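*Asks:* here's a sequence, model it:
(one chain, ligands or ions: 1)
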Amino acid sequence: MTETELVDIGSDAFRAIMGSLASGISVITTREDTGRPVGMTSSSLCSVSKQPPLLLFCVRPPSSTLDAIRVGGNFAVNLLDVEGRELSELFASRNDDKFAKVSWRPSERAGMPLLEHTLAYAECAVHNLVEAGDHVIVLGRIVGGGAMADRFPLGYWRGRYVRVFRFANHRGEELNGQSVTSNGRAPRQE
Ligand SMILES: Cc1cc2nc3c(=O)[nH]c(=O)nc-3n(C[C@H](O)[C@H](O)[C@H](O)COP(=O)(O)O)c2cc1C
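*Replies:* Now for the predicted structure:
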């Protein structure tokens, strides 16, 4: 495509198109060099590669979370469950101390903040940071984590939170998977 064909569709059209992509909601957490936990809500989480295990999310600077990730090189992805709406709102705010009233525990490897109301989490080491338009793509290598089988996700679609319902299988049964963690232990239930 030549440069003259690169028309600007405008932000309303961009929002209408990309907002139609249903997503889950994650809270990306990390710690500043002082140890202070910081985090942000993200709907841009995406699976990238199985071997090596990579994921990505996109962040628009300025972001205190991105600043801390650049310095520390580690972060955690907390995939929110259907009870996690208030956490999503809190971590999307400009509140200076988002962790003041939030209970969390440090992750096994790098001590990244793990929240309640999650259905899975991933501990990540920065693989690469890529400038892309007005965002930075953060690629992370997953070094630990786990998933809880009996939780349902918080969804986001066209600017609103949504619930996700699973279709039954062909026999009309709901399927229950097994909970797994990268260290072989059962995931901690909040
Ligand atoms: C549902 C939802 C999804 C969001 N997804 C993103 C995202 O993918 N990338 C981003 O940069 N900001 C996203 N935001 C906005 C950030 O969460 C918000 O700017 C936050 O305050 C950034 O925190 P920080 O500056 O402390 O890092 C989202 C907000 C909401 C409510």
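*Asks:* tell me the bridge partners for the residue positioned nearest the centre of the chain.
*Replies:* The centroid of the chain falls nearest to residue 26 when counting by C-alpha atoms, centre = their mean (3.0 Å). On the basis of DSSP bridges, residue 26 is bridged to residue 42, residue 79.
*Asks:* contacts only, for it.
*Replies:* 41, 42, 43, 45, 57, 77, 78, 79, 80 (C-beta atoms under 8 Å, 6 or more residues apart in numbering). For every residue, glycine as well, the C-beta is placed using N, CA and C.
*Asks:* okay, now the first one: neighbour count?
*Replies:* It stands for residue 41. By the criterion of other C-beta atoms under 10 Å, residue 41 has 21 neighbours.
*Asks:* and the contacts of residue 26, which are buried?
*Replies:* By the neighbour-count criterion of 16 or more other C-beta atoms under 10 Å, the contacts of residue 26 include these buried positions: 41, 42, 43, 45, 57, 77, 78, 79, 80.
*Asks:* roughly how far does the fifth one sit from residue 156?
*Replies:* So the one you mean is residue 57. According to C-beta to C-beta, to the nearest Å, residue 57 stands 13 Å off from residue 156.
*Asks:* for the first one, same thing?
*Replies:* If you measure residue 41 against residue 156 using C-beta to C-beta, the figure is 9 Å.
*Asks:* can you check which strand is longest in this protein?
*Replies:* Identified as the longest strand of the chain according to DSSP state E is strand 118-132.
*Asks:* so which elements touch it?
*Replies:* Other elements packing on strand 118-132 under the criterion 3 or more C-beta pairs under 8 Å, 6 or more residues apart in numbering; DSSP states H and E are strand 54-59, strand 74-80, strand 135-147.
*Asks:* any chance of the ones you listed in TSV, plus mean pLDDT and distance to residue 31?
*Replies:* Formatted as TSV, those follow (pLDDT from 0 to 100; distance: least, C-beta to C-beta, whole Å):
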stretch	mean pLDDT	distance to residue 31
strand 54-59	98	16
strand 74-80	98	8
strand 135-147	98	15
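*Asks:* just the helices in the chain please.
*Replies:* Using DSSP state H, the helices assigned to the chain run over residues 11-18, 64-72, 85-92.
*Asks:* just the mean pLDDT for the first one, thanks.
*Replies:* Averaging the model's pLDDT scores along helix 11-18 yields 97.
*Asks:* and the contacts of it?
*Replies:* Contacts for helix 11-18 (C-beta under 8 Å, 6+ apart): 9, 159.
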